[in-house]
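1. Provide a 3D model corresponding to the input given below.
(chains A and B)
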Amino acid sequence: MVCSRMSTAQNAIVQEFLVESFDNLSNISEDLTKYEKNPSDNELLNSIYRKIHTLKGSASFLGFVQLQEITHSVESILDYIRDGALSINSEFIDLFLESFDFCLLILKEVEANGSEGNHKNTELANKLNKVLEASLLKGESTIKEELVIDDTRPSSTLSAVENQNREAKESGEEVSEIESALTELNSEIDEDIVLKTMKEDIVESIANNNSAPQEKRSHVSDSIVKVNVNLLDKIMNVVGELVITRNQILQYSKLKDSADLNRYAQQLNVITTELQTDIMTTRMQPVGSVFTKFERIVRDLSRSQKKKVNLEITGQDTELDKTLIEVIKDPMTHLIRNSLDHGLELPEVREKSGKNPHGLLSIKAYHEGGQVIIEIGDDGAGISAERVKAKAIEKKIITPEEAASMSSQKLHSLIFHPGFSTAEKVTNISGRGVGMDVVKSNIEKIGGEVEVISAEGKGTSFRLKIPLTLAIVPALVIESAGETFAIHQKNLVELVLLEQEDFGKIENLHGKEFFRLRGDLIPIVRLNSVLKLEEKEIDESHHFLNIIVLKAEGKTYGLIVDDILDTQEIVVKPMDRKLKNIGYYAGATIMGDGRVALIIDAFGFYNQVDSKDAGEKDSHSDLMGSSQVSDYESLEVVLFTLGDNRVYGIPLSLISRLEEFDPGIIEWSGEQALVRYRGSSMPLVNVENLLSLRGKSRIEKPEDRKINCIVANINGISFGFVVNEIMDIALTESSIETETIDRDGLLGTVYINEKLISLLDLYKLVSKTDVGKKVFGESSNIKLKGKVLVVEDSPLYRRVHQDFLAEAGLEVVMANNGREGLEALEKCKDFMAIITDVEMPLLDGFEFSEEVRALGINLPIIAVTTRVSPVDLEHGIKVGFNYHLEKLNKQEVLETLSKCL
Amino acid sequence: METVNSSLVETVLSGDASQLCGFKIMNGQYAIPVLEVQEVVKPQRVTPVPLGPEYVDGLINLRGQIVTAINLRVLFGLPPKEEDKENYMNIIVRWGDSLYALVVDEIMDVMDVENSSFEDTPDTIDETLKGYIRGVFKLENELLTLLSLEKLLDIKLR
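-> Next comes the predicted model:
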């Protein structure tokens, strides 16, 4: 690319010069900003000085005059600073950065056209010279006074002295005086230059002895080779081909019965995998190389915006494939700019809201689950969900109705919608007109994800999730309608084999199919239907369904396919871009038998699923507050067997967790079995004993197997109910019959799958244990009188409340939901208190309370709920709850009631 | 051997003569500049792309590369083959980063034609076809329609 005017020899030299100079300049801006924060770091200053010095030398040698002049001036100023005659200030930093930019400009010009082109450095040179002159004047006065050259003074170059001479003459000093000074100077100069050179050498050698990173790198660099990225790409491609061929050979060797072939194929496999890993490593670069660039950007932006920013970067050593690093640069720049523009407030504003006037911008990088996570966060103003809502409605992205039902998290992610931010200004920093939607699509193009988390007034954080590498991925191979497909393993959660008798587990709600996976309701999609494939003829022997549970963008759903074949490493080949726009496919791959298979884009498929229905699967499978289908007054029951081999049940909503213990960890306190659970001792309940059942509890005969137990929280304490086998979770709409129970400790019976199942009364069971008796005392201690309104939608809890409130002596009036509750309040005016559930259909507890207060009713409202979070507590206080309690703590409810009455 | 034109710019007809790769679809004769052709292969196993455009037959494996097969019969709105369905040819072309296979009925020879016989697309040609044509060569006995690779490969998601 260098101009052909030059001879090849010169060509090579200029190339060499360019490579070296680009390298030198690449980090110099960052070094300078670092030095600005740390002016005592002399090593850094020296490093900067050396780079400019080298640049000046080469520029002079190659005749790049503009470059030489600028670098020369910069070098001189740096010299002054180094020797202490000048101290660094932000004006100088600005000037230096400008100079570096100019140098870069010249270098690029040389690279493109072979010469410096028409760039003139006059303005810049003038600025630099002004600084030099100002410092020289300082120097001149000292000379007049002392007439001795202190060898730490920088003004030892002849030209500088000549300048002084001129100045002195102009300022009308007596020539003779100056002349004598000059003569002395001249004689000293030679010494001085020698001294100076010596000093430089000393500095160099000291630097060499220090284990400064600069020097370390030069030792390490002896074993480093510079390789063109294109070559690495090519090698990656070839390795990709090798992987395909290896797959083919492996497949073939499986068919042929040759031990030798198998052995060689296995060897090939091992070698190929190793080669693949090593090649991928060569392309890995620490993200820090990109992050340091942001120091400068943040500095410039904060200056121009007049905001104070502290930039914190962690995880610079995290490695990412080189091409991916290139791709994330622009999106990251945009996000940083966004934080500085819209996120961080002006110092005055921050102080007013009690924040540190210095805003915090943090960039973090780390590995997690086969991906690299990059977080860009600020502690600024956060995203206003209201403003986003208004703008989205205005731009017709959503309707007001849709907006009303969207969570704030959903609203925040609207900022990524194309069309949300039109007319983003094109700035110098980001270079092109980029919007949030471009950020998102750029990241998604490389197989990554973007999410935003924001709290108004507190700050915003963007999370970029980037795959470690693109090309060769582990995948699940499936077959549907005679065609082969592959799914990236990163999206795979689990595989479910549904036997024919369980086909009924797939529930149909509002025309969409759902499946209950251990308590969570997830939407189901049939691959054949979505892709409009021909259904395979119903094979009579095909008595099962394959459900592949996938997770994309935090949402979980199930994909029904005909057959699951294998897991394999596949090479992702790009598809025609326009075919990719269909949305379902992430690319194509070549299978071991040479066929082409489409790779399914889990995220694209998800988009076809009504996002409102996709259930959120909490990774801790916290069953408390699991989604209950509120249209039905139905009950979910966990079924299990006890020592008498009969099936019993516990309502799902009473359960915290299902756990498994090694019998070896059971400890005994007298007759009470205990186990260490989440930091404290949890008593294990021997249900068979308490219910006087035939058969023994697993606590007594562990049989060397893991012990299953159902953990429930009663009155604030966790208890583990030991059971034999946990069978299933069933949904029943039948009501609980209490007449059929024959012993204490059972709630009643329900009909499930045509069988009568006894439900355990956890509270009663616990109160029969020694621990329970000690801790709780008898709840019948509390006797109250009066009428209480209970608003509760779940038939189970209605029964529970009815029981213990009546036992305490109260008259209980039931309402099934908020509406009925209001009606009841209208009809009857002598209630003493209201106990209300929070999660109810039609009118939830909060709204109900608001209405009650609006009617002027000042009765104490006790809200009971399964989950109490600080946000809920606050909300509750706002709407008028007097107390906000946990559902299963009957004791607490009674105590609270006695307070009110 | 001249190299294949792999950029996103069509081969310009320059000089006195052009070398074309001719092929037949139904009764018509068509051609593209020979420089645009990478190779010609016999029918291959095709993986269909569900929900893709009608004229995309699917994807083919060509020595480890994914090739998108475009059925010109469908593209031109012509009726599908009644019999002899397995008898067709794939003309492999490269456009930008991707490889495509043009599915045609029969391959003819490489022809040398005089550029003077080139004329702009006549108005009488079917509208569907017009968009894909650069012009026609008037040969002794027949008309040779020069196709535009750029237009053919501009896959629209119909």
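2. drop to CA atoms for contacts and neighbour counts, all remaining ones
-> OK.
3. how about the residues of chain B near chain A?
-> B:45-47, B:49-52, B:59-61, B:64-66, B:68, B:98, B:155-157 (CA under 8 Å from any CA of the partner chain).
4. of those residues, buried ones?
-> Applying 16 or more other CA atoms under 10 Å in any protein chain shown to the residues of chain B next to chain A, the neighbour count classes B:46-47, B:49-52, B:59-61, B:64-66, B:68, B:98, B:155 as buried.
5. coming back round to it: give me the subset of the residues of chain B next to chain A that lies in strands.
-> Residues of the residues of chain B next to chain A located in strands (DSSP state E): B:59-61, B:65-66, B:68, B:98.
6. for A:Asn858, which non-adjacent residue is closest in space?
-> Distance criterion CA to CA, 6 or more residues apart in numbering or on different chains; nearest residue to A:Asn858, sequence neighbours excluded, is A:Val852 at 8.0 Å.
7. ok, that neighbour touching A:Leu822?
-> Yes - using CA atoms under 8 Å, A:Val852 is in contact with A:Leu822, at 7.2 Å.
8. can you find the helix or strand in the chain with the smallest mean pLDDT?
-> All of this refers to chain A. Lowest mean confidence among the helices and strands of chain A (mean pLDDT, DSSP states H and E): helix A:213-220, at a mean of 42.
9. chain B, not that one
-> helix B:127-130 (a mean of 82).
10. direction included, what does the helix or strand following that helix pair up with?
-> Following helix B:127-130 in sequence order, the next helix or strand is strand B:133-138 (DSSP states H and E). Strand B:133-138 has its sheet partners listed here by DSSP bridges as strand B:118-119 (antiparallel), strand B:143-147 (antiparallel).
11. now strand B:133-138: buried residues?
-> B:133-138.
12. turn those into TSV, including distance to A:Glu111.
-> As requested, the buried residues of strand B:133-138 are arranged in TSV below (distance: CA to CA, whole Å):
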residue	distance to A:Glu111
B:Ile133	42
B:Arg134	40
B:Gly135	43
B:Val136	45
B:Phe137	46
B:Lys138	50
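13. excluding chain neighbours, what is closest to A:Val110?
-> A:Glu116 is the one closest to A:Val110 (CA to CA, 6+ apart), at 5.5 Å.
14. backbone dihedrals for B:Leu78, please?
-> phi -90, psi 160 (degrees, to the nearest 10).
15. can you check A:Pro474 too?
-> Given degrees, to the nearest 10, the pair of backbone angles that A:Pro474 has is phi -80, psi 140.
16. hang on, A:Gly695 packs against A:Asp644?
-> Yes - in this structure, A:Gly695 is within contact of A:Asp644 by CA under 8 Å, at 4.6 Å.
17. now the common contact residues for those two.
-> A:Glu688 (CA atoms under 8 Å, 6 or more residues apart in numbering or on different chains).
18. show the pLDDT at residue 134.
-> All of this refers to chain A. A:Ala134 carries a pLDDT value of 75.
19. please go with chain B instead
-> 88.
20. list the contacts of it.
-> Contacts of B:Arg134 (CA under 8 Å, 6+ apart): B:120-121, B:145-148.
21. what residue is smack in the middle of the chain?
-> Let's take chain A. Closest residue to the average C-alpha location of chain A: A:Arg463 at 4.1 Å, with CA atoms, centre = their mean.
22. wrong one, chain B
-> Nearest to chain B centroid, counting by CA atoms, centre = their mean: B:Leu102, 5.1 Å.
23. just checking: what are the partner strands of the strand or helix carrying that one?
-> Using DSSP H and E, B:Leu102 sits in strand B:98-104. Strand pairing for strand B:98-104, determined by DSSP bridges: strand B:65-71 (parallel), strand B:89-95 (antiparallel).
24. Throw those into a markdown table and include distance to A:Arg678 and mean pLDDT, thanks.
-> Output for those, formatted as a markdown table (distance: least, CA to CA, whole Å; pLDDT from 0 to 100):
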| stretch | distance to A:Arg678 | mean pLDDT |
| --- | --- | --- |
| strand B:65-71 | 53 | 91 |
| strand B:89-95 | 61 | 91 |
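25. out of those, the one nearest B:Gln38 is which?
-> Nearest to B:Gln38 among these is strand B:89-95; the distance by CA to CA comes to 5.3 Å.
26. give me the distance from the closest one to the chain's centre.
-> Put simply, strand B:89-95 sits 7 Å off its chain's centre (CA atoms, centre = their mean, to the nearest Å).
27. what's it in contact with?
-> Against strand B:89-95 from outside (CA under 8 Å, 6+ apart): B:5-8, B:36-43, B:69, B:99-107, B:153.
28. need the buried ones from those residues selected in ChimeraX.
-> If you want just the buried ones from the contacts of strand B:89-95 in ChimeraX, going by 16+ other CA under 10 Å, the selection is:
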select /B:5,6,36,37,38,69,99,100,101,102,103,104,105,106,107,153
